[in-house]
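**Q** One predicted model, sequence on top.
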Amino acid sequence: MAFHSKLFFFTSFLFINFLNTFSVFSQDSLTKRKWYDDITFDGYIQVQYSYTNKADSLSLNSPNSGRFDRFVSNKFSVRRGRIQMQYQKQFVNAQFSFDVTELGFRMKDAWIALKDPKWQTFTLTAGIFTRRFGGELELSSRDREVPERSMVVQTLFPAIRDLGANLEIRLPKKYKLHCLKLDLGIFNGTGANLEADSFKDFTGRLQLENPVKIKNMTYKFGASGYLGFVNHRYDIDGSASNYRFIWKTLDTFLTVNGVNQQVTIMNQDITSASLGNVLNDPTNPIARATYNKNVQRRYYSFHGEFKYKESFGTTMIRGEYIFGQQVSLEGTLGNPYVFTSVSPVGPINSVTWPKFDSPQPYNPATVGLQLKPSHTFVRSFRAFFVYFDQQIGKTGHHIGYRIDYYDPNIDIKGNQIDVVLRDDAGNILGSSGLSVADVAFTTHLFAYRYVFNQHLSVMLTYEMPINEKTKIDPLDSIQIGLGKYPHSGFLTNIKDDVMMIRMQYRF
């Protein structure tokens, strides 16, 4: 029996026993309160103005301010118009929330949490909610010291929330081991509606909070793991007319009948000419037996947080180190998808009907269900971020800083990154499979915020992304005429700084 099947049955066993424990208590006639007496409403609105120094002819995707289209260098926007409804009674808690902005209506949360009444140790949460991974993912947007989460977290968890179930195990406060908390989850994977295949994703997190009491100080640290799967599809209609590889940086590898077979493209074992023959040869074992194959994605995290309150104000330091293997998908020729990237000025390739460009790897965040065959790219990544926030005395003034580093492909660096494959003489042999999705970024974010009261606050930030230098050239007028977006390339650090002011009101 496969590992994920065993884990599924074990999780189901725990779930059934948990509900059996809860059912005794659920026959409730404890009070004469009406059901609506236990419902509360709250929410918040975030309105912001953003300005960027990018060239007008380029587009920009800012992790903090969203998208700037071509010829747009400043904009007003409603980042969030959040309304939350919460029901809480005894050992039952449920929440529903949604966002209303100029972009439309979006559901955010829809979950129910049950806490066992007997031991008060187990809490089962099911529905759409934030996954328990690391230290930043669960930070509410209304309480963060900077506008948005780090680039790596937004990339690995693009929807932040997911559809699934989580079991939290934590002893009551009267026990010394209350400081330990364990979370075990099972989810569809990468967003509530982005991926819903047969391969479920599993999360685990162990966190230690304030094991030893220290005056004026709170702290916590923990470790997390994410065991996920992406569905690789190479011949969706069974016609044997399309073959799609699983790529790992510069190598192609497939597992056939339990045997790993590898072909090195860059070392000329297969030239660009003969590669086409391999892809279209139905008898070749490298191209066969990969239909509906699951490709592993693995994330690992270590995180910590420290807060100290004194007469000069509250000092906060938070950090996280994340590494692992990320999977991305590539569309096919003639497939009307926009080929985006993690580039702040992306996309390097786009689609203008009816002209289509040769596809490049998707943004590593995009691993949703594909209706047509697609190459699957596997990258080893590494990232870290560190927050610092200082309150000025007992006032509402705060100054903050965050450094955010994300390398989506640690196996290739800087000037090795080229969108084409060249021989020793510099002649172009074909596509390299590399793109702006392989470029590393270091982002410095400076922040000032003033908290007027428990309802109103204002934040001013300056975001400075720095990209590594590569061999990715700017797109010229001929390429733009073929349907590609203009792009400044990554021969040097591109202009993509963003200044933003945000006002938030909580109600």
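**A** Cool, got the structure.
**Q** isn't Q86 right next to A94, touching?
**A** Yes: in this structure, Q86 is within contact of A94 by C-beta atoms under 8 Å, at 7.1 Å. Every C-beta, even on glycine, is put in place using the N, C-alpha and C of the backbone.
**Q** Looking at these two, which one has more neighbours?
**A** More neighbours surround A94 than the other of Q86 and A94, with 19 against 15 (other C-beta atoms under 10 Å).
**Q** What separation is there between that one and G319?
**A** 33 Å (C-beta to C-beta, to the nearest Å).
**Q** and if you look at P117?
**A** Applying C-beta to C-beta, the value for P117 to G319 is 37 Å.
**Q** Neighbour count: those two, which is higher?
**A** Neighbours per residue, other C-beta under 10 Å: of P117 and G319, the larger number sits with G319, 19 against 14.
**Q** What residues does that one make contact with?
**A** Under the criterion of C-beta atoms under 8 Å, 6 or more residues apart in numbering, the neighbours of G319 are H303, G304, E305, F384, F385, V386, Y387.
**Q** next helix or strand past the helix or strand it falls within?
**A** Under the assignment given by DSSP states H and E, the secondary-structure element containing G319 is strand 313-329. Per DSSP H and E, the first helix or strand lying C-terminal to strand 313-329 is strand 376-391.
**Q** ok, so of the contacts of G319, who is nearest K471?
**A** Of all the contacts of G319, the one with the least separation from K471 (C-beta to C-beta) is F384, at 26.1 Å.
**Q** For the nearest residue to that closest one once chain neighbours are set aside, give the beta-bridge partners.
**A** Here the nearest residue to F384 in space, its sequence neighbours aside, is Y321; by C-beta to C-beta, 6 or more residues apart in numbering that works out to 4.6 Å. The bridge-partner assignment for Y321, based on DSSP bridges, gives F302, F384.
**Q** what's the helix or strand for L491?
**A** When the helices and strands are read off by DSSP H and E, none of them contains L491.
**Q** so it sits right up against T470, yeah?
**A** Yes: taking C-beta under 8 Å as the contact criterion, L491 and T470 are neighbours in contact, 7.2 Å apart.
**Q** which outside residues touch stretch 199-210?
**A** With C-beta under 8 Å, 6+ apart as the contact definition, stretch 199-210 has outside contacts at 4, 7-8, 131-134, 162, 164, 166, 179-190, 218-231, 294.
**Q** run the last query once more with 7 Å
**A** For stretch 199-210, contacts defined as C-beta atoms under 7 Å, 6 or more residues apart in numbering pick out 4, 7, 131-133, 179-189, 218-229, 231, 294.
**Q** who has more neighbours, L491 and T470?
**A** The neighbour comparison of L491 against T470 (other C-beta under 10 Å) goes to T470, with 24 against 13.
**Q** what residues are up against that one?
**A** Applying C-beta under 7 Å, 6+ apart, one finds that T470 lies in contact with G414, N415, I417, V439, F490.
**Q** quick one, phi psi at it?
**A** phi -130, psi -170 (degrees, to the nearest 10).
**Q** 416 is where my numbering starts, stick with that
**A** Right, with 416 as the first residue, what we last looked at is T885.
**Q** What score does it have for pLDDT?
**A** With respect to pLDDT, T885 has a value of 89.
**Q** Repeat that for the one 4 residues further on.
**A** On pLDDT, P889 comes in at 77.
**Q** The closest residue in space to it that isn't next to it in sequence - how many residues pack around it?
**A** Distances taken as C-beta to C-beta, 6+ apart place G904 nearest to P889, at 3.8 Å, with adjacent residues excluded. Applying the criterion other C-beta under 10 Å, we find 19 residues in the vicinity of G904.
**Q** before we move on, what about D912?
**A** Residues near D912, counting by other C-beta under 10 Å, number 17.
**Q** can I assume it is in contact with S465?
**A** No: counting by C-beta atoms under 7 Å, D912 does not reach S465; the two are 11.0 Å apart.
**Q** Under the pLDDT cut-off, which ranges of the stretch 416-565 of the chain? List them.
**A** Along the stretch 416-565 of the chain, the model assigns pLDDT under 70 to residues 416-447.
**Q** what's near enough to touch the residue nearest to F799?
**A** Under the criterion of C-beta under 7 Å, 6+ apart, the contact partners of Y736 comprise S716, F717, F799.
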